[in-house]
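**Student:** build me a model:
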Amino acid sequence: MEKATFAAGCFWGVQLDYDKVAGVLSTVVGYSGGQLDNPSYEDICSGQTGHAEVVEVCFDPEIVSYETLLDLFWHSHNPTTLNRQGPDSGSQYRSAIYYHSAGQKQIADQSRTACDASDLWPDPIVTEVTRAEKFWPGEDYHQKYLEKRNITISCH
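**Tutor:** Predicted coordinates:
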């Protein structure tokens with residue numbers, strides 16, 4: 001089992017998208033990339049903690065590759081808008097890949113370069129590629145939020 005952590009705007013839709021992938025064993029929404037220990041949703045919404053809304057993905061690399069997870073990442077949000085996804089704005093909605101190993105960093109950097117050079121997005125990609133640090137799970141009411149409401153279409 002390996003972990004991958006992605007920030008692509010509102011974490012509800014990101015979680016729903018990754019939960020549909022064969023080889024993804026589990027997903028947890030939460031917060032990463034900030035300075036405050038054990039932040040709450042209200043804390044990160046203030047824009048003062050530096051955290052992003054993220055999804056931590058546990059996957060079996062023998063079933064699904066990290067590259068496949070990155071491909072979904074590039075196609076499931078707009079990586080060219082700084083601190084914004086759709087109507088959501090603020091640094092907590094930034095586009096970021098938090099890598100868990102040197103191998104993931106290399107693959108993520110190559111993937112970002114390839115995506116930026118493709119015609120998938122007309123504007124330059126602003127996605128951060130940053131080392132994964134502390135992950136704080138989100139509140140229970142955020143976990144599987146769309147699934148609990150029988151919403152099967154991502155908000156992305």
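**Student:** from now on I want contacts and neighbour counts done on CA atoms only, so please keep to that.
**Tutor:** Will do.
**Student:** which residue ranges form the strands in this protein?
**Tutor:** Using DSSP state E, the strands found in the chain span residues 2-8, 24-32, 52-59, 84-85, 88-89, 95-99, 128-131, 135-137.
**Student:** in JSON lines, list those strands along with mean pLDDT.
**Tutor:** What follows is those, written out as JSON lines (pLDDT from 0 to 100):
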{"stretch": "strand 2-8", "mean pLDDT": "97"}
{"stretch": "strand 24-32", "mean pLDDT": "98"}
{"stretch": "strand 52-59", "mean pLDDT": "98"}
{"stretch": "strand 84-85", "mean pLDDT": "92"}
{"stretch": "strand 88-89", "mean pLDDT": "91"}
{"stretch": "strand 95-99", "mean pLDDT": "98"}
{"stretch": "strand 128-131", "mean pLDDT": "97"}
{"stretch": "strand 135-137", "mean pLDDT": "97"}
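**Student:** comparing these, which comes out most buried?
**Tutor:** Among the strands of the chain, strand 52-59 has the highest mean neighbour count (mean count of other CA atoms under 10 Å), at a mean of 26.
**Student:** in this protein, spot the helix with the most residues.
**Tutor:** Under DSSP state H, the helix in the chain containing the largest number of residues is helix 102-117.
**Student:** hang on, the earlier thing: need the strands of the chain in TSV (columns: distance to Ser118).
**Tutor:** Written out in TSV, the entries for those read as follows (distance: least, CA to CA, whole Å):
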stretch	distance to Ser118
strand 2-8	19
strand 24-32	27
strand 52-59	25
strand 84-85	21
strand 88-89	26
strand 95-99	18
strand 128-131	18
strand 135-137	31
